[in-house]
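Q: Coordinates for the following, if possible.
(2 chains)
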Amino acid sequence: MGRVFSFLTATRGKGRLHWTDWVSYAYLIFGIFLMFAPVVWLVLSSFKSANELDRFPPRFLPYAQETVEIDGLDDPLLAFTVIDGDLTGQVVGQTRRAAGRAEVIVPSNPDERIRLTVDQLEPIEGVAFATENYTQLFERFNFLRFFWNSTFITITATLLMLLVNSMAAFALSKYEFKGRTSVLLIVIGTLMIPQTVVLVPLFLIVTELGMFNSLWGVIIPGAATPTGVFLLRQYMITIPDEILDAARMDKASEWKIFWRIIIPLSAPAIAVLAILAIMWRWNDFLWPLIVLTRTENFTLQLALNSFQGELQTDWPSLLAMTVLTLLPIAAVFMFLQKYIATGIASTGGK
Amino acid sequence: MARVELKKIKKSYGPVEVIKGIDLDIQHGEFCVFVGPSGCGKSTLLRMISGLEPISGGDIVIEEEIVNDVAAADRGLAMVFQSYALYPHMSVRQNLSFGLENIRTPKSEIKKKIDQVATMLQIDMLLDRKPKDLSGGQRQRVAIGRAVVREPRVFLFDEPLSNLDAELRVDMRGEITALHRRLGNTMIYVTHDQVEAMTMADKIAVLRLGELEQFGRPLELYNRPKNIFVAGFIGSPKMNFLNGTVTGTNLITLETGENMPLPTAGFSYQTGANLTVGIRPNHIALANDAAINITVKSVEQLGGESYVYGALKDGTPLTVHLSGQIELQIGQDLPIAIQLEKIHLFDTDTGVSLREN
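A: Numbering: from 1, shown residues only, chains lettered A, B, ... in the order given. Prediction:
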């Protein structure tokens, strides 16, 4: 902890701040603001009630008006402070409001109804988190279904992609065969074709294969990526051939060499690709939108989209689900981010 | 009997022929060293025997069986690589057991064999470490252990000591020789270091540019080299070569103009032929009055012995090995006497030895 603190407060100047310290810290704080402000805003907004979200100008924290219990009434009333007139300073509960006039009750005298103008009242508000935004995701929408769809697609597609890409990379990096360079060039060449261009042909193929409206229709087309093949190939090239020769002398089959030697030694690169794949699949929107049309097949991203109607948008649910969608990917990133740095650094060759 | 025979072995990469037809017969239990300058094809030859490199022509015969099309793993050989090639993600124990697991050896037997080999190579306390936590010498031992534990018919070593420091290299040299004595297997060892070859080998094969120059016992190569290349390659410091023409009966006139007698028997040459006289540095002595003088260029005093690096009049370098210590000035003239019975004669044009058998 002490080391973290001393790292975070490190300065160039000894004792007093050097001007570069000011610049660095200003820049870093600006960066933090730029990165985190939208996320913080999103999280706080997801706890706001629908009324509070409509309010202009918006407020930072979620507020809700307090209520007072009045004897003899079933429901609690909205609480106000009177700021003008005879009752100045008193807390009252409002029963009705119309045309600039309000009918209020003083809690100490529940039988008397007093009429005041709206200008005389100021609402009493306190910070309150509208957790019902979250609970209704489970009650009104099939959140768990969407979550499962997203998770299933992400995990299956990632595993499949790692398997296919690592096998292709192994062949392209460690076997000498005619046309090896051409194959590699074709693989890399597909990087130059934008996804949108192949969208229609891909859709036709998926439909022909009967994978329309099936989760596999999202999983299979993403199973082989040129980026993944290239990334893993570059890493596998750095594994010395002598180790493979040694394994061959040790009577290991090529399949065994792949599983027992190549895969463990490529772990850093595979970790990088796994993180990238998880992020790609989890955040993927366009392709699932095209392939999946039935609500029970929706991924989280599609469900989020469905909250945005043509006429009205269910902002509280949308924001709450956005937060829940962010959480898994943020967790994955937090735990695996060190592999990204080390993995990418070592893919460049040592 | 693990006898290894190579019959007209060839290897070419496209139009480039790197091994040009080598015949070799390595008897069971022999320690055979392939030696030669870098690029001579010795490592390629070893990899061809191992089966890791396909051959372009000829036959490889192990125990009377042609193994040209037998996979590396099925030839019953084990190889120790120059870079050790240990599996970096496995512990020493896993490194040793990997090969045994692949041939489905029972677990209890694997453990027994590993313990036995580890004790023999003194790596028993390292079994749970990863290769990166070992020193160069320890890694080398593990690499040898990995070969030994599989009980192969033939051991192949590909420059195993070249990554070690000089002192460790001498130690490991002795250990590999001791290992050979204990196991009695056929071993084929590749090195570019002729000292390693001389000290370890039963038989040495000297290779140059994909061809076998000479194959024989170390001292046979030293005493009776077949050509200038072998004569110059075997022995340290290098043999001295002096060019000249036979001008009379048993008399050669060197290019520097000095006359030198030739041995009367043992060599066949004709008057007028261009010869190269080879003489090892330790077969030259100092003389009080001699026909040949050298100019001293530098002197290395090792205490027990001294090396004098000089040059003849025309600049031909000449090294003299003397026992004991000597005081010399750089640039001074030094009369030398060549031991006539120790000289070698070669045809200058073909490089072939003129020795009569």
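
Q: Could you pull out the strands in the stretch 201-350 of chain B for me?
A: Counting by DSSP state E, counting those that start in this stretch, residue ranges of the strands within the stretch 201-350 of chain B are B:203-208, B:211-216, B:240-248, B:251-254, B:259-261, B:274-279, B:284-286, B:292-301, B:305-311, B:317-323, B:333-338, B:344-347.

Q: How about stretch A:45-58, which residues are buried there?
A: For stretch A:45-58, a neighbour-count test (16 or more other Cβ atoms under 10 Å in any protein chain shown) marks A:45-49, A:52-53 as buried. Backbone N, C-alpha and C define where each C-beta goes, glycine included.

Q: Now for the residue of the stretch 101-250 of chain B found nearest chain A, how many residues are close by?
A: For the stretch 101-250 of chain B, the residue closest to chain A is B:Asn102, as judged by Cβ to the nearest Cβ, at 4.2 Å. Around B:Asn102 sit 17 other residues, with neighbours defined as other Cβ atoms under 10 Å in any protein chain shown.

Q: The residue nearest to it when sequence neighbours are not counted in helix, strand or coil?
A: Using Cβ to Cβ, 6 or more residues apart in numbering or on different chains and skipping the chain neighbours, the partner closest in space to B:Asn102 is A:Lys251 (4.2 Å). Classification of A:Lys251 into helix, strand or coil gives coil, according to DSSP: H, G, I helix; E, B strand; the rest coil.

Q: Go through stretch B:209-228 and flag the buried ones.
A: Going by neighbour count (16+ other Cβ under 10 Å), the buried part of stretch B:209-228 is B:210-216, B:218, B:221-222, B:225-228.

Q: just stretch B:348-357 next, same as before
A: The neighbour-count check on stretch B:348-357 (16+ other Cβ under 10 Å) flags B:348, B:351, B:353-354 as buried.

Q: Output that stretch as PDB, restricted to C-alpha atoms.
A: What follows is the C-alpha trace of stretch B:348-357 in PDB, where atoms were taken according to Å, rounded to 0.1, in the frame of the first residue of the first chain:
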ATOM      1  CA  THR B 348      51.300 -28.400 -53.300                       C
ATOM      2  CA  ASP B 349      48.800 -28.500 -56.000                       C
ATOM      3  CA  THR B 350      46.400 -31.300 -54.800                       C
ATOM      4  CA  GLY B 351      47.200 -31.100 -51.100                       C
ATOM      5  CA  VAL B 352      47.500 -34.900 -50.900                       C
ATOM      6  CA  SER B 353      50.000 -36.500 -48.600                       C
ATOM      7  CA  LEU B 354      53.000 -38.100 -50.400                       C
ATOM      8  CA  ARG B 355      53.500 -40.600 -47.700                       C
ATOM      9  CA  GLU B 356      54.000 -44.200 -48.800                       C
ATOM     10  CA  ASN B 357      51.900 -46.600 -46.800                       C
END
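
Q: residues in contact with that stretch?
A: Stretch B:348-357 has contacts (Cβ atoms under 8 Å, 6 or more residues apart in numbering or on different chains) with B:224-229, B:231, B:243, B:266-269, B:274-276, B:344-347.

Q: List, one by one, the residues from the stretch 101-250 of chain A near chain B.
A: A:240, A:242-243, A:245-250 (Cβ under 8 Å from any Cβ of the partner chain).

Q: Now tabulate the buried residues of stretch B:209-228 in JSON lines and tack on distance to A:Thr207.
A: What follows is those, written out as JSON lines (distance: Cβ to Cβ, whole Å):
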{"residue": "B:Gly210", "distance to A:Thr207": "61"}
{"residue": "B:Glu211", "distance to A:Thr207": "66"}
{"residue": "B:Leu212", "distance to A:Thr207": "67"}
{"residue": "B:Glu213", "distance to A:Thr207": "71"}
{"residue": "B:Gln214", "distance to A:Thr207": "74"}
{"residue": "B:Phe215", "distance to A:Thr207": "71"}
{"residue": "B:Gly216", "distance to A:Thr207": "76"}
{"residue": "B:Pro218", "distance to A:Thr207": "77"}
{"residue": "B:Leu221", "distance to A:Thr207": "76"}
{"residue": "B:Tyr222", "distance to A:Thr207": "80"}
{"residue": "B:Pro225", "distance to A:Thr207": "79"}
{"residue": "B:Lys226", "distance to A:Thr207": "77"}
{"residue": "B:Asn227", "distance to A:Thr207": "76"}
{"residue": "B:Ile228", "distance to A:Thr207": "78"}
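
Q: what ranges do the strands span in chain A?
A: Counting by DSSP state E, the segments of chain A that form strands are A:63-65, A:67-68, A:77-82, A:91-98, A:101-106, A:109-117, A:121-123, A:125-127.

Q: Mind checking those for the one nearest to A:Val198?
A: A:Val198 sits nearest to strand A:63-65 of all the strands of chain A, at 49.2 Å, using Cβ to Cβ.

Q: Show me chain A divided up by domain.
A: In terms of domains, chain A is parsed into A:2-45, A:67-123, A:141-347 (source: automatic domain parsing).

Q: which of those is buried the deepest?
A: Compared across these, domain A:141-347 shows the largest average neighbour count, a mean of 17 (mean count of other Cβ atoms under 10 Å in any protein chain shown).

Q: Pull the distance from that domain to the chain's centre.
A: A distance of 17 Å separates the C-alpha centroid of domain A:141-347 from that of its chain, computed with Cα atoms, centre = their mean, to the nearest Å.

Q: Same question for stretch B:257-273.
A: How far stretch B:257-273 lies from its chain's middle: 31 Å, per Cα atoms, centre = their mean.
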